[in-house]
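Novice: Fold the following and give me the result.
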Amino acid sequence: MINLKSLEKLARPSNVPAAARCIVFDGQTAVAVANALETAPWWAGVPYAQAGVSRPVAVPMEAMKSHQLRSRHLLVDDAGLHNGAGLRTEWAADHACAGAAALLPGMPAGEPVAQCEIDLDVLDRVAIAAAVQDIRYYLKGVLLDFDAGALVGTDGARLHCHRGGVPVVEGAGQVTVPVDAVKWLLHSVDEVAQVTVWRMANGRAQVLLRTSDAFVFAHGLEGRYPEWQRVVPALGTCGARFRVDPSALAGAVESMGKLHRLESGGKRGVVSLDVVAGRVHAGGGDSFHAVDVTADTGHGEAFPLYVTADYLQDAADCVGVGARWAMPKPGKVGPAGPLLVVDGSFAAVVMPHRQPQEADKPAAQAAPEEAPAAQAAPEEAPAAQAAPEEAPAAQAAPEEAPQPEPCPAAVDAVAAQLVARTVAGAVSPKKARRGRASRKAEPVEA
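Specialist: Now for the predicted structure:
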């Protein structure tokens, strides 16, 4: 649910300039400026009727916090804050937020080029794949493609799209809405959002997304969005096709991905999907979690596919039990395409990851041959090391010395805990890791 507290979280961060670190009340709504330091700022608001406000009043967050410490009741009028029982909170007239009302966007001139409804669950499944921290700023948003009638999100290594997410509207073109604004609105209690799009004289888009408890107004991101239709292959052009319980697959990928991060010390876990054996391996190692795979086509074309664990888990969390999965065909050097999953109008594409090598491990584990010269060339070592017969027993028997790699027993124990947790979680229905609700199966297109 979105309320005034949700706005306060947007206006408090230190990356918000002092002039925008406030909430503006206009009598009907409360509005905060978000992402003010970015090239595409956006505004968020909630309904907040206040009969005593006849003009926009910018209330600094310091005043809001001070008032809330003294009273749970917050009323606004042209003079400031009060609780309706004599308690008032004031602030300096020359406060940095004095001109914040001018930061509010006015209603765009002219007629909108597109108006439609968007299912928030569909929007959620697409927004998961959008980039968050990327120098390619045009990827940090959700594409509303009115030319193709689709919603798209991608970070360059994966792509989620939903055909039919928006209607085909002639002349509306493509609009990329900042993903932060989309994710903020996804906390709404509503199932759908009303979308209105305008075009300014310079061609840039302005978008209003509204629900019953909140709204977001944003400028469309500039830059050309990738040609996403070229990335999504047709199901019939892929390699081996199969079906799998997405909840079981997501649990297996989660546990094996965590295990690979533990073993490699990396930031992201990598898993190997082997549909022939029905296994999900942790990286390129021997540890695996079994999954029940049903073949749609010959598995003779299948081969172990390495993918980023988080990306595969997100794709599994976004589809139902009727989804169709397709492996890429083998190429001359590795896979000749991405992993594809199709569930009705929704499709997810996950690009393959390079096979984890020994170089992915810390140098002390992965490359003992690159050990310091004093160890690799004992003839140059100090006399105490060159004469092992005089050295302490722990040095004279290097094979008994403690190894710098993780304790195998500890790794096995953690792996057992992850697998047990996955099995226990698969007993009952599981909600999506980042989704709004449990994913329901959709009719699968032929």
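Novice: With adjacent residues omitted, what lies nearest to Tyr138?
Specialist: Using C-beta to C-beta, 6 or more residues apart in numbering and skipping the chain neighbours, the partner closest in space to Tyr138 is Gly223 (3.1 Å). The way it works is simple: take the backbone N, C-alpha and C, and place the C-beta from them, glycine included.
Novice: ah, wrong one, I meant Ala19
Specialist: Closest to Ala19 by C-beta to C-beta, 6+ apart is Ala96, at 5.1 Å.
Novice: For that neighbour, list the residues it contacts.
Specialist: Ala18, Ala19, Arg21, Pro60 (C-beta atoms under 8 Å, 6 or more residues apart in numbering).
Novice: Check what pLDDT it gets.
Specialist: On pLDDT, Ala96 comes in at 75.
Novice: farthest-separated two in the contacts of Ala96?
Specialist: By the measure C-beta to C-beta, Ala19 and Pro60 form the most distant pair in the contacts of Ala96, at 10.0 Å.
Novice: what touches both of these two?
Specialist: Applying C-beta under 8 Å, 6+ apart, one finds that Ala19 and Pro60 are jointly contacted by Ala96, Cys97.
Novice: Next secondary structure after whichever strand in the chain runs longest?
Specialist: When the chain is parsed with DSSP state E, its longest strand is strand 192-199. On the C-terminal side of strand 192-199, the closest following helix or strand by DSSP states H and E is strand 205-210.
Novice: Restricting to C-alpha, output the helix or strand that that next one is followed by in CSV.
Specialist: Later in the chain than strand 205-210, the nearest helix or strand by DSSP H and E is strand 215-219. What follows is strand 215-219, C-alpha atoms only, in CSV (Å, rounded to 0.1, in the frame of the first residue of the first chain):
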residue,chain,number,x,y,z
PHE,A,215,0.4,8.4,-9.2
VAL,A,216,3.7,8.8,-10.9
PHE,A,217,4.5,11.5,-13.5
ALA,A,218,7.8,11.1,-15.4
HIS,A,219,9.7,12.2,-18.5
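Novice: Quick check: beta-bridge partners of Val33?
Specialist: Legend: beta-bridge partners of Val33 under DSSP bridges are Trp43.
Novice: Can you check the pLDDT for Asp314?
Specialist: Reported pLDDT for Asp314: 96.
Novice: To what extent is it buried, counted in neighbours?
Specialist: Counted with other C-beta atoms under 10 Å, the neighbours of Asp314 add up to 23.
Novice: Might one say that it is in contact with Val126?
Specialist: No. Assessed by C-beta atoms under 8 Å, Asp314 is found out of contact with Val126, at 11.0 Å.
Novice: so what's in contact with those two at the same time?
Specialist: By C-beta under 8 Å, 6+ apart, the residues touching both Asp314 and Val126 are His160.
Novice: before we move on, back to that, any idea which of the contacts of Ala96 is closest to Met107?
Specialist: Ala19 (22.1 Å).
Novice: and the closest one, what is it in contact with?
Specialist: Counted by C-beta under 8 Å, 6+ apart, Ala19 has contacts Ala96, Cys97, Gly99, Ala100, Leu103.
Novice: next one: phi and psi at the first one?
Specialist: Right, the one you point to is Ala96. phi -60, psi -20 (degrees, to the nearest 10).
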